[in-house]
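# sharing a sequence plus its predicted fold:
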Amino acid sequence: MWGDANQSGSSCKARHIYGGRQDLRSVLYMATLCAIRFNPPIQAFYQRLRQAGKPPKVAVVAAMRKLLTILGAILRDQKPWQPVEHASPA
């Protein structure tokens, strides 16, 4: 059910993150929850994942990664963020 995880036994439990920078992860999580509510591109991304059947926390973590990528691009380019306007199919 969870892919080719290298684990012993036959248990198929959900995985949890224990390592890493807890403070940074907490701040990013709360920022992402706010972005899901008030940032249209992040909100649309989250809703698309949820409609595809992803669990809520999986969709939030994917949105966290997207937000982190956007923030990295802002720092790299030293320019304010401008959402990409996609043309609707003709």
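Arrived safely, thanks for sending.
# what's next to the helix ranked longest in the chain, contact-wise?
Identified as the longest helix of the chain according to DSSP state H is helix 56-77. With Cβ atoms under 8 Å, 6 or more residues apart in numbering as the test, helix 56-77 has contacts from 28-29, 31-33, 35-36, 42, 45-46, 49-50, 54, 80-81. The way it works is simple: take the backbone N, C-alpha and C, and place the C-beta from them, glycine included.
# ok, 7 Å please
Where contact means Cβ atoms under 7 Å, 6 or more residues apart in numbering, the residues beyond helix 56-77 that reach it are L28, Y29, A31, T32, A35, I36, I42, F45, Y46, L49, R50, W81.
# which stretches of this structure form helices?
Under DSSP H, the chain gives helices at 22-38, 40-51, 56-77.
# what residues does the shortest one touch?
In this case it means helix 40-51. With contact meaning Cβ under 7 Å, 6+ apart, helix 40-51 is reached by A35, I36, P56, A59, A62, A63, K66, L67, P83.
# confidence score at the last one?
Predicted confidence (pLDDT) for P83: 79.
# let me see the contact set for it.
P83 neighbours (Cβ under 7 Å, 6+ apart): P41.
# do you know how far it is from K66?
12 Å (Cβ to Cβ, to the nearest Å).
# mind showing which ranges of the chain have poor pLDDT?
Within the chain, the ranges that satisfy pLDDT under 70 run 1-9, 15-17, 86-90.
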